[in-house]
Each structure stands twice: as C-alpha cells, then as structure tokens.
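1. Need coordinates for the below:
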Amino acid sequence: MEKILHPAATRGTANLGWLQARYSFSFANYYDSDRLQFGLLRVLNDDIIAPAMGFGTHPHKNMEIVTIPQFGAIKHKDSMGNEGVISSGEIQVMSAGSGVQHSEINASHEEELKLFQIWVLPETENVTPRYDQKKIADIIRPNAFSTVVKPRSVARKNELWIHQQAYFNIGEFSEKTETTYTLQQDGHGIYLLVIKGAVVVDNEILGDRDAIGIWDTKSISMTIEKDSRLLLIEVPMN
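-> Here you go, the predicted structure:
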C-alpha cells in the first residue's frame with residue numbers, strides 16, 4: 001500500500017472577495033509540482049461563494065466535472081440549453097467533451113454557497129457534451145459509503161455517470177463505524193476527504209478537510225468517528 005497525506009492546512013488558497021477557495025491540487029494561481037493531481041483526479045476545489053456571485057459564462061473541453069453543493073444552491077446555465085438550480089442534497093455532472101460553455105452562480109441573494117468542484121480526466125476525448133443532476137437522498141445509506149456517481153459502463157438507468165472508470169462515494173456516519181472499502185478495479189486508488197468529523201486510516205488520524213490518497217492495494221480499512229461525513233473518490237492511477 002502506498003499513501004500520500006494532504007492535511008487541510010496544506011491546500012492552496014484563493015480569496016477573491018466573492019470567492020474563498022481551497023485547492024487540493026494545483027489550480028488557477030496555485031501551483032505545486034508535487035500536487036498536480038491524484039491519478040486521473042485533476043481538481044478538488046472547496047469553494048465558498050458570496051450571495052448572487054459566481055462563475056460567469058466560460059468554456060470547458062475534455063473534462064468530467066462533478067459539483068456537490070454542501071450548503072445553498074447553484075443556478076446553472078449552459079450552451080446545451082440546460083438551465084436550473086442544484087441544491088445541497090443534489091449532485092451535478094457535466095461532460096465537457098468536445099466543448100461547452102456554462103455559468104454557475106449562487107442562487108441566493110442572502111446566503112453563501114458552499115460546494116465541492118471536482119474534475120476527472122475522461123477516458124474518451126471529444127465526446128458529445130452532456131449534463132445531468134439528481135437528488136441523492138434516496139441512495140445514501142446510514143453508516144456506510146454510498147456510490148453516487150459511476151462509470152458509464154456500469155451505471156443503470158437514472159444513475160449519475162461519467163466518461164471515466166471512476167466512482168464517487170459519500171459516507172454519512174451517525175455512529176462510530178469500522179468498515180473496509182474494496183476497490184472496484186486493479187490499478188485504481190482512492191482519494192478520501194473528510195468533509196467533517198474524523199477517521200483513522202492506516203494509522204493516520206484525519207480531521208475536518210484532511211485528505212489521504214491510497215493506492216497499490218485492493219482494500220482499505222478505516223475507523224470512522226460518529227457524526228462524520230466523508231467523500232471517497234476511486235480513480236484510475238494512470
């Protein structure tokens with residue numbers, strides 16, 4: 001088993017007034033040659049966006065983009081004709097493929113918006129752009145990891161999917177739990193971020209917003225403290 005630790009305090013930062021961001025990997029004006037990506041996980045941004053502010057219309061190409069609101073709601077609009085609001089308890093997926101333009105704005109004029117913006121490199125380039133969003137409350141199991149985004153090849157009808165062999169899992173733990181996560185495929189690794197709470201993995205103690213990347217193993221055992229919420233992303237390592 002190989003691992004890399006990313007304590008919360010070591011993340012890159014940005015404060016643009018309307019945006020306060022924490023970057024797990026090199027992004028925008030933050031660059032660290034040792035933190036370019038984890039396998040095919042390229043971006044994991046932890047953003048706080050001021051009321052009625054956000055990212056105006058801008059382009060993307062050949063990237064799988066997953067957005068997970070933590071508090072508040074996003075107003076989305078794109079060049080494919082999609083327009084709507086994504087609230088906490090929902091997930092947004094967009095395959096930029098051959099090219100798409102979109103905007104993401106805080107839907108509230110009074111409250112901050114908190115979200116995770118995640119990019120994964122695609123397994124196939126220049127696909128037809130696509131967009132989807134879904135509520136995930138019905139698939140979140142208590143005191144366990146629940147898969148909320150899957151590869152297209154294994155996703156069933158009405159499940160969120162992306163053009164990559166990647167699995168996004170959310171864990172909601174109201175009780176102290178010992179569990180083992182088994183990787184879906186050889187050559188994969190996991191990137192585990194503590195949204196809140198605490199977890200012990202391979203004798204490492206992680207707290208709020210700490211993260212660990214683990215690879216060269218078939219499974220990972222962990223002890224998760226009560227009242228914890230975790231994000232676990234399994235991705236190909238190359």
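2. Test of understanding: give the bridge partners of the spatially most central residue of the chain.
-> Residue closest to the average C-alpha location in the chain (CA atoms, centre = their mean): residue 118, at 4.3 Å. Here residue 118 sits in beta bridges with residue 44, residue 66, as judged by DSSP bridges.
3. Pretty sure it sits against residue 41.
-> Yes: using CB atoms under 8 Å, residue 118 makes contact with residue 41 at a distance of 7.4 Å. To be clear about C-beta, it is placed using only N, CA and C from the backbone, and glycine gets the same treatment.
4. Overlap of the contact sets of these two?
-> Residues touching both residue 118 and residue 41 (CB atoms under 8 Å, 6 or more residues apart in numbering) are residue 233.
5. The residue nearest to the centre of the chain: what's it in contact with?
-> Residue 118 neighbours (CB under 8 Å, 6+ apart): 41, 43, 44, 45, 65, 66, 67, 68, 168, 233.
6. can those residues go into JSON lines with extra columns for distance to residue 175?
-> Output for the contacts of residue 118, formatted as JSON lines (distance: CB to CB, whole Å):
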{"residue": "41", "distance to residue 175": "29"}
{"residue": "43", "distance to residue 175": "32"}
{"residue": "44", "distance to residue 175": "27"}
{"residue": "45", "distance to residue 175": "30"}
{"residue": "65", "distance to residue 175": "33"}
{"residue": "66", "distance to residue 175": "28"}
{"residue": "67", "distance to residue 175": "29"}
{"residue": "68", "distance to residue 175": "23"}
{"residue": "168", "distance to residue 175": "23"}
{"residue": "233", "distance to residue 175": "24"}
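7. Among those residues, name the buried ones.
-> 41, 43, 44, 45, 65, 66, 67, 68, 168, 233 (16 or more other CB atoms under 10 Å).
8. Dump those into JSON lines; add pLDDT and distance to residue 141 as well.
-> Conversion of the buried ones among the contacts of residue 118 to JSON lines gives the following (pLDDT from 0 to 100; distance: CB to CB, whole Å):
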{"residue": "41", "pLDDT": "98", "distance to residue 141": "24"}
{"residue": "43", "pLDDT": "98", "distance to residue 141": "27"}
{"residue": "44", "pLDDT": "98", "distance to residue 141": "23"}
{"residue": "45", "pLDDT": "98", "distance to residue 141": "27"}
{"residue": "65", "pLDDT": "98", "distance to residue 141": "26"}
{"residue": "66", "pLDDT": "98", "distance to residue 141": "20"}
{"residue": "67", "pLDDT": "98", "distance to residue 141": "22"}
{"residue": "68", "pLDDT": "97", "distance to residue 141": "17"}
{"residue": "168", "pLDDT": "98", "distance to residue 141": "15"}
{"residue": "233", "pLDDT": "98", "distance to residue 141": "18"}
